[in-house]
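J.: Got a predicted structure plus its sequence, pasted below:
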Amino acid sequence: MRILHLTPYFAPAYAFGGVVRSVEGMTQALAQRGHSVTVLTTDALDQQHRYDGPPESVHQGVHVVRARNLLPGLRGRFNLSTPQHLAATARELLAQADVVHCHEFRTVENLVVTPLAARMNKGMALSPHGTLSQGTGRSALKRGWDRLLSSAVALRFAEVIALSQAERDDIEALWPSFGRRRIPATFTTIPNGVNPADFQALPDATGFRARYKLGDASVCLFMGRLHERKGVRVLIDAFKAANIPNTRLVLAGPDEGMLEQVRPLLDERIVMTGYLDGEERLAAFAAADVFALPAIGEGLPMVALEAMACGLPVILSPGCNLPEAAEAGAGLEVEPALEPLAAALKQMLTEPAQRQKMGAAARTLIESRFTWGAVAAQLEVVYERLISRD
């Protein structure tokens, strides 16, 4: 099967951004299962930087083609691409594709490529990756975009893939507002995944603990963007309210608007590392005893799956859309509010035997339900439906 993936940015082995890691994981898994996989993207490395590699490359069996952004500043300010010569490049790739899989919904890439794919009678699937809700940021831009542009794009997708049941419910409620298509879209739930083998041999945590002066303290790790909807502020407040002896809170991630609010709250028990990549990211997991993400408006956070693959028990909010963790005894699901979060931190950071048991359950859950191999098998079913509709 020849599959074309369309995404605003894609940088293999670069850990920033859950969508990037999600597309990387699924495309590599599909290539390993014998499919011809191409990713059409831009030269955006993240929201501030360009990718400095070649415009065309092959990574882990995946053919990657990048269009250069004309105005890279719009990526950082509005999360919008300005890809040059995208239509011409897309026509060549579409001619060779059996199906098209688009990632994120409100993108310039979708505006340019989906009408071309429709004219060429290519079946199209969409993975919104938790970005449909206006509560996930840039709500004014999203409202304007939907009024002017979304209906035409939405009705071209025959398959819409949610990460969780909660996201699927939101999609099914929203989709009728875009109008009626001749053949209604099919809605499917396929989660994110990880490669468990990538997290089995973690680096020695000694260096990380020494670098950030963690000593022998029990560590709660937050890893993600410093953004209001990630729950950084309430996590800090809850950690301080819990006031557990010999514990540390490690905040790992790049600033996206919260740094100046967070700095006055810090004390000697709270450590900020900034963005971590590669071995340093794995070392942070190795040094941690508990992972916490009290976020709202998530799709299904990759970082939570990665933490569980490392054998870490998790404290997650309902907004993470991962109730399976609590159901499997791999962690706690609590509201992102001061009192319940403080109580969860007290429970997890003072009971090492419970942490060990939950960590083992977390790894088992990942291996049984959230691997990229399992995700790729489910995607194949979606792609076969797209081909059979032609």
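T.: All right, it came through fine.
J.: Might you report the residue contacts of His59?
T.: Neighbouring residues of His59 by CB atoms under 8 Å, 6 or more residues apart in numbering: Pro12. C-beta here means a position set from N, CA and C on the backbone, and glycine is covered the same way.
J.: From Ser36, how far off is it?
T.: Note on His59: its distance to Ser36, by CB to CB, to the nearest Å, is 14 Å.
J.: Ok, Asp237 next?
T.: Asp237 is 50 Å from Ser36, where distance means CB to CB.
J.: now swap in Leu322 and tell me
T.: Leu322 is 32 Å from Ser36, by CB to CB.
J.: Which one's more surrounded, those two?
T.: Leu322 (29 against 16; other CB atoms under 10 Å).
J.: Pretty sure Met302 is one of the things the more buried one touches, is it not?
T.: No - the criterion here is CB atoms under 8 Å, and Leu322 misses it with Met302 at 10.8 Å.
J.: Give me the number of neighbouring residues for Arg209.
T.: Per other CB under 10 Å, the neighbour tally for Arg209 reads 19.
J.: And it, what's its pLDDT?
T.: With respect to pLDDT, Arg209 has a value of 97.
J.: That one reaches Ala287, doesn't it?
T.: Yes - at 5.2 Å, Arg209 counts as touching Ala287 under the criterion of CB under 8 Å.
J.: Give me the next element, helix or strand, following the lowest-mean-pLDDT helix or strand in the chain.
T.: Every helix and strand of the chain was ranked by mean pLDDT, DSSP states H and E. The lowest is helix 73-78, at a mean of 70. Next helix or strand after helix 73-78 toward the C-terminus (DSSP states H and E): helix 86-96.
J.: Give me the buried stretch members for that next one, please.
T.: Within helix 86-96, the residues that count as buried by 16 or more other CB atoms under 10 Å are Leu86, Thr89, Ala90, Leu93, Leu94.
J.: Arrange these in TSV, one row each, with distance to Thr247 as further columns.
T.: Shown next, in TSV, are these (distance: CB to CB, whole Å):
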residue	distance to Thr247
Leu86	50
Thr89	52
Ala90	52
Leu93	51
Leu94	54
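J.: Spatially, which two of those are the most separated?
T.: Put simply, by CB to CB the two of the buried residues of helix 86-96 set farthest apart are Leu86 and Leu94, 11.5 Å from each other.
J.: joint contacts of those two?
T.: Residues touching both Leu86 and Leu94 (CB under 8 Å, 6+ apart): Val113.
J.: Phi, psi for Lys240 please.
T.: Torsion angles at Lys240 (phi, psi; degrees, to the nearest 10) stand at phi -70, psi -40.
J.: For it, grab the count of nearby residues.
T.: Around Lys240 there are 16 other residues, counting by other CB under 10 Å.
J.: Identify the residues contacting it.
T.: Contact analysis of Lys240 by CB under 8 Å, 6+ apart lists Leu265, Asp267, Arg269, Ile270.
J.: Output those residues in a markdown table, with pLDDT and neighbour count appended to each entry.
T.: Shown next, in a markdown table, are the contacts of Lys240 (pLDDT from 0 to 100; neighbours: other CB atoms under 10 Å):
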| residue | pLDDT | neighbour count |
| --- | --- | --- |
| Leu265 | 89 | 13 |
| Asp267 | 92 | 9 |
| Arg269 | 95 | 15 |
| Ile270 | 97 | 18 |
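J.: Export those to CSV and append columns for secondary structure and distance to Ala201.
T.: Formatted as CSV, these follow (DSSP: H, G, I helix; E, B strand; the rest coil; distance: CB to CB, whole Å):
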residue, secondary structure, distance to Ala201
Leu265, helix, 35
Asp267, coil, 34
Arg269, coil, 30
Ile270, strand, 29
